[in-house]
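Trainee: Would you be able to build a 3D model of this:
(chains A and B)
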Amino acid sequence: MMDSPIVYVVEDDVSVRQSLENWLRAVGYRVVSFASAEAFLSAARDEMFGCLVLDVRLPGVDGLDVQSRLTAAGVDLPIIFITGHGDIPMSVRAMKAGAFEFLTKPFQDHELLQAIEQAIAHHRLCCVQRAELSALRQRYATLTAREREVMALVVAGWLNKQIAAELGTSEITIKVHRGQVMRKMQAASLPELVRAAERLGLSGPSAA
Amino acid sequence: MTRKHNVRLGPWLHHLVPYAVGGVSVAALTAAGFYLKVHSTTAALLYLIVIVLVALRTGAAPSAVTALLAYIGLDSFFTAPLFRPAMNQPLDVVAPIVFLTTAFTINRLAAKNRQSFQEIQSLQDQLRLVMDTIPGLVWSESPNGSVEFLNQRWRDFLGASSAPVTDLRRNLPVHPAEADALAEQWQQARERGRAFETEVRVRRADGVYRRLRLHVVPAGEREQVSKWYGLGTDIEDWRQAEETLARLESELALVARRTLLGELAASIAHEINQPLSAIVTNGNACLRWLGATPPNLPEARTTVTAIIRDGNRAAEIIARIRAMLSRTELKKASFDLGAALVEVLSLIRNDLVRKGVTIHTRLAPDIPPVFGDRVQCQQVVLNLLVNAVEALLPVTERRREIRLSAEPYGDGQVLVTVEDNGVGLGEAHEADIFDAFYTTKPDGMGLGLAISRSIIENHGGRLWCVAGDGFGAKFQFTLLTEGHAG
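Mentor: Predicted structure coming up:
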C-alpha cells in the first residue's frame, strides 16, 4: 500500500483546480482532483496515501466540515487548506481541528511545495506506524492463551521463578513459553517485547 | 386712609375713626375760620372742600355726619345771628342741601372708582398668573429694546442671581456660536418691523445651554411699532430626541451601506482572486515545464494558453463590475440646482450643527436649470459635504467652516464648489483620491469619490479637486445646463 503518494485536490473553481493539477504534475506528483467536497467524500478510502489540498470555501459544504467528516470516516490524509481570503479566526479554527497547513491564494511556489512535501512525509510516517501496529496485532493474535499470560507477566518484570509459582507450573515450562513468545512476537530482546506490549496497549500486573 | 391706624385700634374704634376725622376737620376749620373772620360764603366753600375730601376717603354715613356738622358750624359761627342756629338766610337752606348732595355724590363716585380699581387689580393679577403659569417664556419690550415685562418662567430661566435683564437683545446669554446670527436677525426684524422666528441656544441659570424657539411679533404698523411681544419655547428635549432619532437613522443607513459595500467588495475581491491565483500557479507550473530536461514544450504551451484564458477571465470580471456600478438607470431631466442643493443642506444640517461646522452657502441668482439625474447629483454633493465634515473633525484651533457655492461657468455649464478648511489632502495625490478603494479613512471603502466622479462624467461634467485657499480642500464639479446637454 505504500506506493507513490497522490495529491488529492478539492477545488470548485475550474481555473484554480486545473492550474493546481498542472503545477503538481509539473512538480512530479500524481494528482487526482475533485470539483466538489461530495465527490471527494464518496471516493475517500482509508488506504489513501498522500495529502489533500482543500479549498475552505466550497459551495454546499464548508471545508472545515469535510475535515471532520474525513476524521470520522477514519481517513487520516493530512489536509492543506487553501483560501481566497484567509482570515485569522478561520485559520485558527482549521489548525485547531488538525489542519496541516493553511495557505492563502495565490500561493507561492515554494510555500505550497514545502507544505505538500511535509504533509506527505508526515503521512508516510503515520502509515509506517500504522502498518507496524497492524503487524504487531497479527503476531499477537498467533499467541496461545497461556503464552499471553506469560508475556503479560514477563513484560511486567516478573522472574521466571515467580511466574512459575503464580501460574502453578515449573520454571522449565515457563522458559519454553517465554521462548515461544519472543519468537512469535519477533522480539530480539526483552525491551523490544516491552515496547511491543506498550504499543499494543497491554499492561500486566506489576511484580509482587 | 384707615389702613395706618387699624393696626392698633379695635374694631369699634376703627369704625369711629372716619367720624372723628370729619368732626375734627370741621371743628378745626370752624375755629380757624372764626378766628380769621372769613366771610360766610368763603366758609361754606371751605366746608364743601372738607366734605368732598372726607367723602372721597370714607363711607356714606361719616360724610353725611360731616356735612351736618359743617352745616351747624356754618349756621352757628358764620351767619347772623351768631352762636345759635336759625334758618333766616338763603344760605341756611341752600347749604345743608348742597353739603348733603355733595357728600352722597362724591361718596358714590368714589365707591364706583374703588370698585373698578379692584376689578382692574384682580384682572391684572389674573393676567400675571396666566403669564407666569403659561408653559413658555413670555416677554414684552419697547421699540428701543428695553424689557418691560418678563414672566416668572423667564426670570427663573435666566436666574434670580444674575443682574436683572433690561435688554434681551444685549443681555440674553446666547451661545457664542449663535450670538451673531441672532443679533443680525433681530436687527433686521427691528428695521423692517416684521415678526420673526428663530432657534437659539441660551444658557439657563444652571449653566446648561437650552435650545429655545423664539417667536417675536411687533405691535403696531411698520413705522410705528409701539411694542414687541415675544414667546420662547424650550425645545431642547424635543430637539435632542429628534437628533437622537436622526443619528440612529443615519447610523443605520451607514451600517447598511457599509455592509452592502463590504459584501460587494469581498465578493469582488474573491471573484478576481480566483483567476489571479490560477495565473500565478500556472506560471509556476510553466516555469517547471520549461525548466525540465529536456523542456516539456507542449505542456508549457498548454499552460500559457490557460494563463491567457484566466487573464481574460479576470478582465471580464472587472468589466462586469464596472458595468454594474455605472448601470444607467438615470432619470435625466432639467432641474433647479439651487433648490436641490438646499434640500441636501436640510439633510445634513443636524449633523453640521452637532459637529460644530458652519456652512456658508452662496448660490448665484442667475443659475440656469441644469440637466441630469437630480438624485444622483444630490448624492455627489452630499458625498462631498460628508467628506468635508470628516476632514473638519480633527480641526480644533480654528472655526470649522464649509463653503458651498454654485454659479454659471463658461458656456452652458454650472460650477459647484465644496470647500472646507479641514485637514486637507496631505500626502494624497489628486490622481489617487478618485481611484476606487483608495481611502485615507480608517473605516472608509474608498468608493465615494470614484462613484461621484463616474456620476458626474456620466452627466457630461467633470469633478476635480484643488488644495483649498489656506487650509483644507476644494472640490469642484460642473454640470451641463438645459439645452447644452448632449
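Trainee: For the stretch 301-450 of chain B, give me the ranges with low pLDDT.
Mentor: Under the criterion pLDDT under 70, the flagged ranges of the stretch 301-450 of chain B are B:323-330, B:426-432, B:435-447.
Trainee: typo on my end, chain A
Mentor: A:1-2, A:59-60, A:85-88, A:203-208.
Trainee: residues touching the most centrally placed residue in chain B, list them.
Mentor: Centroid-nearest residue in chain B, with Cα atoms, centre = their mean: B:Glu199, separated by 0.9 Å. Shown here is B:Glu199, whose contacts under the criterion Cβ atoms under 8 Å, 6 or more residues apart in numbering or on different chains are B:Arg211, B:Leu212, B:Arg213, B:Leu214, B:Ile235. From N, CA and C alone the C-beta is placed, and that goes for glycine too.
Trainee: next one: A:Ala196
Mentor: Neighbour list for A:Ala196: A:Leu136, A:Arg139, A:Tyr140, A:Met185, A:Ala187 [criterion: Cβ under 8 Å, 6+ apart].
Trainee: residues in chain A within reach of chain B, list them.
Mentor: Residues of chain A lying close to chain B by Cβ under 8 Å from any Cβ of the partner chain are A:13, A:15-16, A:18-20, A:22-23, A:25-27, A:57, A:84-85, A:105-107, A:109.
Trainee: Okay, and which of those map to helices?
Mentor: For these, the ones inside helices are A:Ser15, A:Val16, A:Gln18, A:Ser19, A:Leu20, A:Asn22, A:Trp23, A:Arg25, A:Ala26, A:Val27, A:Asp109, with DSSP state H as the criterion.
Trainee: Can you name the two of those residues that sit furthest apart?
Mentor: Using Cβ to Cβ, those span at most 18.5 Å, a distance reached by A:Ser15 and A:Val27.
Trainee: Just to confirm, what's the three-state secondary structure of the spatially closest residue to A:Leu193 that is not a sequence neighbour?
Mentor: Taking Cβ to Cβ, 6 or more residues apart in numbering or on different chains as the measure, A:Leu193 lies nearest to A:Ala187, with 4.0 Å between them; neighbours along the chain are not counted. Local secondary structure at A:Ala187 is given as coil here, using DSSP: H, G, I helix; E, B strand; the rest coil.
Trainee: looking at it, B:His167 is touching B:Ser142, isn't it?
Mentor: Quick fix: residue B:167 reads Asp, not His. No. The pair formed by B:Asp167 and B:Ser142 falls short of the contact definition of Cβ atoms under 8 Å, at 9.9 Å.
Trainee: Could you find the residue nearest the spatial middle of chain A?
Mentor: For chain A, the residue lying nearest the average C-alpha position, counting by Cα atoms, centre = their mean, turns out to be A:Cys126 (3.6 Å).
Trainee: and that residue, what element?
Mentor: A:Cys126 is part of helix A:109-141, with elements assigned from DSSP states H and E.
Trainee: For that helix, list every residue counted as buried.
Mentor: Residues A:Asp109, A:Leu112, A:Leu113, A:Ala115, A:Ile116, A:Ala119, A:Ile120, A:His123, A:Cys127, A:Leu136, A:Arg139, A:Tyr140 are the ones in helix A:109-141 that count as buried (16 or more other Cβ atoms under 10 Å in any protein chain shown).
Trainee: The nearest residue to B:Asp132 once chain neighbours are set aside and B:Val381, how far apart?
Mentor: Taking Cβ to Cβ, 6+ apart as the measure, B:Asp132 lies nearest to B:Gln152, with 3.7 Å between them; neighbours along the chain are not counted. Taking Cβ to Cβ, to the nearest Å as the measure, B:Gln152 falls 47 Å from B:Val381.
Trainee: Let me see the residues that make contact with stretch A:92-108.
Mentor: Looking at stretch A:92-108 with Cβ under 8 Å, 6+ apart, the contacting residues turn out to be A:16, A:51, A:56, A:63-64, A:67-68, A:71, A:78-86, A:91, A:111-112, A:115, A:118-119, A:122, B:273-274, B:276-277, B:279-281.
Trainee: hang on, the earlier thing: of all pairs in the contacts of A:Ala196, which one spans the longest distance?
Mentor: For the contacts of A:Ala196, the maximum inter-member distance is 11.2 Å, found between A:Tyr140 and A:Ala187 (Cβ to Cβ).
Trainee: What segments of the stretch 151-300 of chain B are strands?
Mentor: Listed in chain order, the strands of the stretch 151-300 of chain B (DSSP state E, counting those that start in this stretch) span B:196-203, B:209-219, B:227-234.
Trainee: With mean pLDDT added, can I get those strands in CSV?
Mentor: Shown next, in CSV, are the strands of the stretch 151-300 of chain B (pLDDT from 0 to 100):
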stretch, mean pLDDT
strand B:196-203, 88
strand B:209-219, 89
strand B:227-234, 90
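Trainee: picking up where we left off before, for the residue nearest to the centre of chain A, list the residues it contacts.
Mentor: Here A:Cys126 is in contact with A:Asp76 (criterion: Cβ under 8 Å, 6+ apart).
Trainee: quick one: it and A:Phe100, what's the gap?
Mentor: Where A:Phe100 is concerned, A:Cys126 sits at a distance of 11 Å (Cβ to Cβ).
Trainee: for B:Gly461, same thing?
Mentor: 56 Å.
Trainee: Just want to know which of these two has more residues nearby.
Mentor: Summary of the neighbour comparison: B:Gly461 and A:Phe100, criterion other Cβ atoms under 10 Å in any protein chain shown, with B:Gly461 having more neighbours (23 against 20).
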